[in-house]
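Undergrad: here's a sequence, model it:
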Amino acid sequence: MEKKLRLCWTCSLLTITCITVLITIFSFIDFDLPDSIERILGILDLLAVFVLVFSTVKLKLWKKGEK
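TA: Numbering: from 1, shown residues only. Presented below is the predicted three-dimensional model:
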């Protein structure tokens, strides 16, 4: 169980990082992404944040229960 949660945590953190870097790079080079692409990236970012929070809380609760 812990391995699955750690994998979810890692994937969500990596997703957030990649999307943020993409948006930042496009912003710096003044390249306007189509509105639909920006919205899709934003929704993916929000979903990744939800998974990150969920897996973090589950890991903390699971570790607390082991003591």
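
Undergrad: can you show me the strands along this structure?
TA: Assigned strands in the chain: none (criterion: DSSP state E).

Undergrad: show me where it has its helices.
TA: 2-28, 35-66 (DSSP state H).

Undergrad: now do the longest one and helix 2-28, the angle between them.
TA: When you say that, I think you mean helix 35-66. Interaxial angle, helix 35-66 versus helix 2-28 (axes from the mean of the first three to the mean of the last three CA atoms, to 10 degrees): 150 degrees.

Undergrad: check which helices and strands helix 35-66 sits against.
TA: Counting contacts by 3 or more CB pairs under 8 Å, 6 or more residues apart in numbering; DSSP states H and E, helix 35-66 is packed against helix 2-28. All C-beta spots, glycine's among them, are computed from the backbone N, C-alpha and C.

Undergrad: and the helix it packs on, what other elements does it pack with?
TA: Contact partners of helix 2-28 among helices and strands, from 3+ CB pairs under 8 Å, 6+ apart: helix 35-66.

Undergrad: roughly how far is the helix it packs on from the heart of the chain?
TA: Here helix 35-66 is found 6 Å from its chain centre; the criterion is CA atoms, centre = their mean, to the nearest Å.

Undergrad: same question for it, mean pLDDT?
TA: What helix 35-66 shows for mean pLDDT is 90.

Undergrad: pull out the buried residues from that helix.
TA: 41, 45, 48, 51-52, 55, 58-59 (16 or more other CB atoms under 10 Å).
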